[in-house]
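Visitor: Next comes the sequence, and after it the predicted model I'd like to discuss.
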Amino acid sequence: MNQYETVIVLTPLLSEDVAKEALAKYKSIITDSGAEIIAEDNWGLRKLAYPIEKKASGFFHLTEYKCNGELINKLELELKRDERVLRFLTVRLDRHAIAYSEKKRSGAFNKKPKKEEAGA
């Protein structure tokens, strides 16, 4: 089984409940196929780098999971058919990306450097 991550950008016109419902649909597609969800991260409403369908922002959501490759085709077909989805990107993670994701989740990059005391 390979490890993948999918970033989904939903249209900003959705209510928060409808956005959660859409994301729950894709989560169930992943889990019903026997995949293991490793991590999820809701980035919330963010500004887009360029307008998509005349929209300047979107709801971003990242899901990291382990599955067989057949699931990716099924998931991406459902994402393409959904009008609520502006964009999506699925990437297979190599061992370096997996190690980076684990460090990021554990908070290794959030540590602030210790400030040296002034006047010492």
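Guide: It's in. Numbers count the residues shown, from 1 in each chain.
Visitor: Report the buried residues of the longest strand anywhere in the chain.
Guide: Longest strand in the chain, counting residues (DSSP state E): strand 36-52. Neighbour counts over strand 36-52 (16 or more other CB atoms under 10 Å) mark I38 as buried. C-beta here means a position set from N, CA and C on the backbone, and glycine is covered the same way.
Visitor: Please work out the average pLDDT along it.
Guide: The average pLDDT within strand 36-52 is 94.
Visitor: mind listing what that strand pairs with, with the direction of each?
Guide: Sheet pairing here is set by DSSP bridges, and for strand 36-52 it gives strand 55-67 (antiparallel).
Visitor: Let me know the next secondary structure element after the strand it pairs with.
Guide: Moving toward the C-terminus from strand 55-67, the first helix or strand encountered (DSSP states H and E) is helix 69-81.
Visitor: helices or strands next to that next one in the packing?
Guide: For helix 69-81, the contact count by 3 or more CB pairs under 8 Å, 6 or more residues apart in numbering; DSSP states H and E identifies strand 2-10, helix 16-32, strand 85-93 as packing neighbours.
Visitor: most packed of those?
Guide: Of all the helices and strands packed on helix 69-81, strand 2-10 has the most neighbours on average by mean count of other CB atoms under 10 Å, namely a mean of 19.
Visitor: got the CA coordinates for it in CSV?
Guide: Backbone C-alpha positions of strand 2-10 (Å, rounded to 0.1, in the frame of the first residue of the first chain) are rendered in CSV as follows:
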residue,chain,number,x,y,z
ASN,A,2,1.2,3.5,-0.9
GLN,A,3,0.7,6.6,1.1
TYR,A,4,-1.1,9.5,-0.6
GLU,A,5,-2.3,13.0,0.3
THR,A,6,-5.2,14.8,-1.3
VAL,A,7,-5.8,18.5,-1.1
ILE,A,8,-9.4,19.6,-2.0
VAL,A,9,-10.5,23.2,-2.6
LEU,A,10,-14.2,23.7,-2.2
